[in-house]
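*Asks:* Model the structure of this input:
(one chain, ligands or ions: 1)
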Amino acid sequence: MPPLEPFGARLRRAMDERGPLCVGIDPHAALLSAWGLGDDIAGLERFARTTVEALADRVAVLKPQSAFFERFGSRGVAVLERAVADARAAGALVLMDAKRGDIGSTMAAYAETYLDPAAPLFSDAVTVSPYLGYGALRPALDLARASGTGVFVLALTSNPEGAEVQHALRADGRSVAATMLDHLRAENADAAPMGSFGAVVGATLAGGLTAAGVDPAIGGPLLAPGIGAQGATAADLPKVFGAAVRDVVPNVSRGVLRHGPDVSALRESAARFADEVREAVGTG
Ligand SMILES: O=c1ccn([C@@H]2O[C@H](COP(=O)(O)O)[C@@H](O)[C@H]2O)c(=O)[nH]1
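*Replies:* Alright, predicted model coming up:
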């Protein structure tokens, strides 16, 4: 198979054609129940299939939350494999939210799990945690570059607990979060129209970026979770991201999923969020 076009270029095109919204596939036990499904493999499978059927042909990115599949063991992972393949076949980019991070050959194995085109869970991009040091992510960064996939590094997460680590200051006075964004800016240097190496920066962080001395412009995508159930709205995006808002991929999971299992209702909800984002970001 020929190598894919770089993820950043594929993502920019998808954002231009479909709008930048990313919808999560998060089969919480409470959502399975609200959809009238069992908290079991059959329920998981129906939930994933319905979400993919409703949204994969219209949103730029679908983001399965791996944890909700892994809790069912190998059969849950098999459902995840199918969801990823079906979503990609229907035209969505798949961002696997696995938040992996380790060292050396272990990190390389995580990278192969999601970014090797021959792997059963091959996805367009994966989230990673830099808590073992940005340099420890090198196997994933290198494999992404080679395979035309992307990596999203946790920088300023949407949860309030993240600040104690991410706002911490290094000896040179830079915050940990700002340092992660510096690394990503360097990783994306010279990439056009957009780099493949993204940051996770919560939409909940109005004021938080300045506090952490962070410039969100990294030449790559900015995944912004926190809209909907966590309280942020599309109108917060320009406040949080300023001029970098054009590179933001806003994520909504429960805010859309709570409208299921009706396919039309899921689509209408995603369309409403997409309209709100368009209005807030000023792209038409
Ligand atoms: O900082 C982060 C990083 C990841 N997430 C994930 O995004 C979704 C958000 O779900 P909602 O239902 O829209 O709250 C979920 O999978 C999180 O694990 C995040 O929220 N914040």
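
*Asks:* From now on I want contacts and neighbour counts done on CA atoms only, so please keep to that.
*Replies:* OK.

*Asks:* What residues does the stretch 151-284 of the chain have near the ligand?
*Replies:* Counting by CA under 6 Å from any ligand atom, the stretch 151-284 of the chain comes close to the ligand at 157-158, 202, 225-230, 252-255.

*Asks:* Which one of those residues sits in the busiest neighbourhood?
*Replies:* In terms of neighbours by other CA atoms under 10 Å, those top out with residue 202 at 29 neighbours.

*Asks:* Now do the closest residue to that residue other than its chain neighbours, the pLDDT please.
*Replies:* Counting by CA to CA, 6 or more residues apart in numbering, the nearest residue to residue 202 once its immediate chain neighbours are dropped is residue 158, at 3.9 Å. Looking at residue 158, its pLDDT is 96.

*Asks:* Thought residue 209 was touching residue 158, still the case?
*Replies:* No. Look at residue 158 against residue 209 with CA atoms under 8 Å: they stay out of range, at 11.5 Å.

*Asks:* Which parts of the chain are strands?
*Replies:* Assigned strands in the chain, in chain order: 22-25, 61-64, 93-100, 125-128, 150-156, 197-201, 222-224, 248-252 (criterion: DSSP state E).

*Asks:* Residue 278: which of those is closest?
*Replies:* Taking CA to CA, strand 248-252 is the member of these nearest to residue 278, at 10.8 Å.

*Asks:* Identify the residues contacting that closest one?
*Replies:* Contacts with strand 248-252, where a contact means CA atoms under 8 Å, 6 or more residues apart in numbering, come from 20-24, 203, 221-228, 234, 241, 277.

*Asks:* ok, so of the residues of the stretch 151-284 of the chain next to the ligand, who is nearest residue 104?
*Replies:* When these are ranked by distance to residue 104 (CA to CA), residue 157 comes first, at 24.6 Å.

*Asks:* Contacts only, for the closest one.
*Replies:* Taking CA under 8 Å, 6+ apart as the criterion, residue 157 is in contact with 200-202.

*Asks:* returning to what we had before: distance to residue 175 added to the strands of the chain, as a markdown table?
*Replies:* Listed next are these as a markdown table, based on distance: least, CA to CA, whole Å:
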| stretch | distance to residue 175 |
| --- | --- |
| strand 22-25 | 28 |
| strand 61-64 | 28 |
| strand 93-100 | 21 |
| strand 125-128 | 19 |
| strand 150-156 | 10 |
| strand 197-201 | 14 |
| strand 222-224 | 18 |
| strand 248-252 | 21 |
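
*Asks:* To residue 264, which of the ones you listed lies closest?
*Replies:* The closest of the strands of the chain to residue 264 is strand 22-25. By CA to CA, the value is 15.1 Å.

*Asks:* For the chain, which residue gets nearest to the ligand?
*Replies:* Nearest residue of the chain to the ligand (CA to the nearest ligand atom) works out as residue 157 at 3.2 Å.

*Asks:* Report back the residue of the chain that's furthest from centre.
*Replies:* No residue in the chain sits farther from the centre than residue 171, which is 30.6 Å out by CA atoms, centre = their mean.
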